[in-house]
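Asks: here is the input, now give the coordinates:
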Amino acid sequence: MFNKYLRLIIFSFLLGIPTILMAGDVHEFELDNGLRLIVKEDHRAPVVVNQVWYKIGASYEMEGKTGLSHILEHMMFKGTEKYPPGEFSRIMAVNGARENAFTGTDYTAYFQTIEKSRLPISFEMEADRMRNLVLIEKEFVKERKVVLEERRTRVEDRPISLMYEHFRATAYQTSPYQNPIIGWMNDIEKCTLADLQTWYQRWYAPNNAIVVVVGDVEPSAVFALAKKYFGPLKPSKLQEPLQRPEVKQLGTKRVTVKAPAKLPYFLMGYKVPVLNTLAKENQWEIYALEVLAYILDGGNSARLSKHLVRGQQIASSVNVGYDIFSRLTELFTFSAMPTSTHTVAELEKALREQIKQLQTTLVEPAELERVKTQLRASQVYELDSLFYQGMKIGLLETVGLDWQLFDSYLDNLKTVTPEQVRTVARKYLIDERLTVADLEPLPLSE
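Replies: As a prediction, this is how the structure comes out:
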């Protein structure tokens, strides 16, 4: 149900009243061993979400060792000295918890949604596997096979996923963002238990972790629990991986992926900055790019849907992607599928025409205001979920940003002008930053 709190926030946005979404009931603590604890109170239901974020993901991995973070995520459910394999999930299920984990480009996170009185159980078990994981060869071999099969079914056998992987590997020449999160097939096959043990001991430590708790809790009580369960854990000596920055691109890159598929597909991506890579005085560009993305793809009334899907009927689907909260330089992407009566070349031309229009003609104030309202509202809707409240905090903190940026993020969106949108379109959506990929369908096997 759309609750009164959210209706009030949306109403405030429409009136232009400043609204603080995350501050005020968020409390920060740090243990002596370096572990950071962030607690956000939300007393609407007797439920709590516990998320443990590690500042380690695919972008930390080196050549020949890709996929380590993802395999280790699987192995984190395989037991400690205290709890044998499978016991973590069994105990969580007995206590009515929903639990899972995910690996990203810049982080790995583990979470449970649980009744508030069971939070000590979640803390105890997460603290135990933070430093006391037992990596067994038999379990590792079995889980490596699971990951290999996961890669086959989710990447190798899915032409669009395969194309996207080749697209990123082409776009990035030296940046670790060229690494697929799941890892390259050959690297997964060659991964050893010793590799995994080294990776675990290096990165899974309290001084490389952020615990985010959101729900019906009392912050000082949560801090006491954290000291009890996480406090005794020893920190690691952390050393940032040696990584090369992305080299300057000198022209458009193109790649064609030929794979068995029913339909062609198309991708364009421009290298663009994110909050982490721009000086503070230039960070208005990030918010202008964010608004630009929504002008193009912010629902059925957005330009690409209106003109390319419904109008010209040149695309059956089209999407724009941009993540301002990445650790390193990102891609501003266009992904689309042409209709049966049009070609990929025609689709590319139509997309370029939409970009050119943004570079030459100012956005009308009414359209800009509508887009800003939609963008801000979409962020507010996510906050109705305890999980996504925690996600906002954990994601920002693990990439090196302050969680309070979420509030300034919404304020900064409101200040974006038509001139700024045109400026960033001219500056960043240019051929010298562009990578293009297309999927050329091969006949499907009988």
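
Asks: now do the residue most central in space within the chain, the pLDDT please.
Replies: In the chain, the centroid-proximal residue (C-alpha atoms, centre = their mean) is residue 104; its distance is 6.2 Å. Looking at residue 104, its pLDDT reads 97.

Asks: okay but it is in contact with residue 181, surely?
Replies: Yes. The criterion here is C-beta atoms under 8 Å, and residue 104 meets it with residue 181 at 6.6 Å. All C-beta atoms are positioned from the backbone trio N, CA, C, and that covers glycine.

Asks: now for those two: what residues contact both?
Replies: 57, 58 (C-beta atoms under 8 Å, 6 or more residues apart in numbering).

Asks: shaky segments in the chain?
Replies: 1-24, 446 (pLDDT under 70).

Asks: walk me through the domains of it.
Replies: 23-229, 253-442 (automatic domain parsing).

Asks: can you list the ones you listed in a markdown table and add distance to residue 243?
Replies: Formatted as a markdown table, these follow (distance: least, C-beta to C-beta, whole Å):
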| stretch | distance to residue 243 |
| --- | --- |
| domain 23-229 | 5 |
| domain 253-442 | 9 |
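
Asks: about what we covered before: which residue is the nearest non-sequential neighbour of the residue nearest to the centre of the chain?
Replies: residue 57 (4.9 Å; C-beta to C-beta, 6 or more residues apart in numbering).

Asks: helices along the stretch 251-400 of the chain, start to end?
Replies: 284-296, 303, 344-360, 365-382, 386-398 (DSSP state H, counting those that start in this stretch).

Asks: can I get the ones you listed in a markdown table with distance to residue 189 and mean neighbour count?
Replies: Listed next are the helices of the stretch 251-400 of the chain as a markdown table, based on distance: least, C-beta to C-beta, whole Å; neighbours: other C-beta atoms under 10 Å:
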| stretch | distance to residue 189 | mean neighbour count |
| --- | --- | --- |
| helix 284-296 | 38 | 23 |
| helix 303 | 45 | 21 |
| helix 344-360 | 33 | 16 |
| helix 365-382 | 38 | 16 |
| helix 386-398 | 29 | 21 |
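
Asks: for residue 121, find the nearest of those.
Replies: helix 386-398 (17.5 Å; C-beta to C-beta).

Asks: show residues contacting that closest one.
Replies: 22, 26, 36, 38, 40, 42, 47-49, 51, 53-55, 106-107, 109, 111, 113, 210, 212-215, 325, 382-383, 402-403, 405-406.

Asks: quick check: what element follows that helix along the chain?
Replies: Using DSSP states H and E, the helix or strand that directly follows helix 386-398 along the chain is helix 405-414.

Asks: just the buried residues of that next one, please?
Replies: Counting neighbours by 16 or more other C-beta atoms under 10 Å, one finds that the buried residues in helix 405-414 are 405, 406, 407, 409, 410, 412, 413, 414.

Asks: quick check: the last one vs residue 284, distance?
Replies: If you measure residue 414 against residue 284 using C-beta to C-beta, to the nearest Å, the figure is 12 Å.

Asks: so who does the residue nearest to the centre of the chain touch?
Replies: Residue 104 touches 57, 58, 181, counting by C-beta under 8 Å, 6+ apart.

Asks: okay, those residues in CSV with secondary structure, neighbour count and distance to residue 333 next?
Replies: Listed next are those as CSV, based on DSSP: H, G, I helix; E, B strand; the rest coil; neighbours: other C-beta atoms under 10 Å; distance: C-beta to C-beta, whole Å:
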residue, secondary structure, neighbour count, distance to residue 333
57, coil, 26, 19
58, helix, 24, 17
181, coil, 19, 16
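
Asks: residue 88: which of those is nearest?
Replies: residue 57 (21.3 Å).

Asks: these two touch, right, the closest one and residue 73?
Replies: No. The pair residue 57 and residue 73 fails to qualify as a contact (C-beta under 8 Å) at a distance of 9.7 Å.

Asks: overlap of the contact sets of these two?
Replies: Shared contacts of residue 57 and residue 73, counting by C-beta under 8 Å, 6+ apart, come down to 103, 108.

Asks: picking up where we left off before, would you format the buried residues of helix 405-414 as a markdown table with distance to residue 245 included?
Replies: As requested, the buried residues of helix 405-414 are exported to a markdown table (distance: C-beta to C-beta, whole Å):
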| residue | distance to residue 245 |
| --- | --- |
| 405 | 23 |
| 406 | 27 |
| 407 | 30 |
| 409 | 25 |
| 410 | 30 |
| 412 | 26 |
| 413 | 29 |
| 414 | 33 |
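
Asks: now, which of the residues you listed sits nearest residue 305?
Replies: residue 413 (20.7 Å).

Asks: who are the neighbours in contact with that closest one?
Replies: 287, 290, 291, 372, 375, 376.

Asks: from residue 366, how far off is it?
Replies: Using C-beta to C-beta, one gets 16 Å for the distance from residue 413 to residue 366.

Asks: try residue 335
Replies: 28 Å.

Asks: just residue 348 next, same as before
Replies: Counting by C-beta to C-beta - residue 348 and residue 366 are separated by 30 Å.

Asks: repeat for residue 199
Replies: Here residue 199 is placed at a distance of 52 Å from residue 366 (C-beta to C-beta).

Asks: which stretches in the stretch 201-350 of the chain count as strands?
Replies: Remark: strands assigned in the stretch 201-350 of the chain by DSSP state E, counting those that start in this stretch are 209-215, 253-260, 265-272, 315-321, 330-338.

Asks: out of the ones you listed, which gets nearest to residue 187?
Replies: Of all these, strand 253-260 comes closest under C-beta to C-beta, at 20.0 Å.

Asks: could you give the bridge partners of residue 441?
Replies: residue 259 (DSSP bridges).
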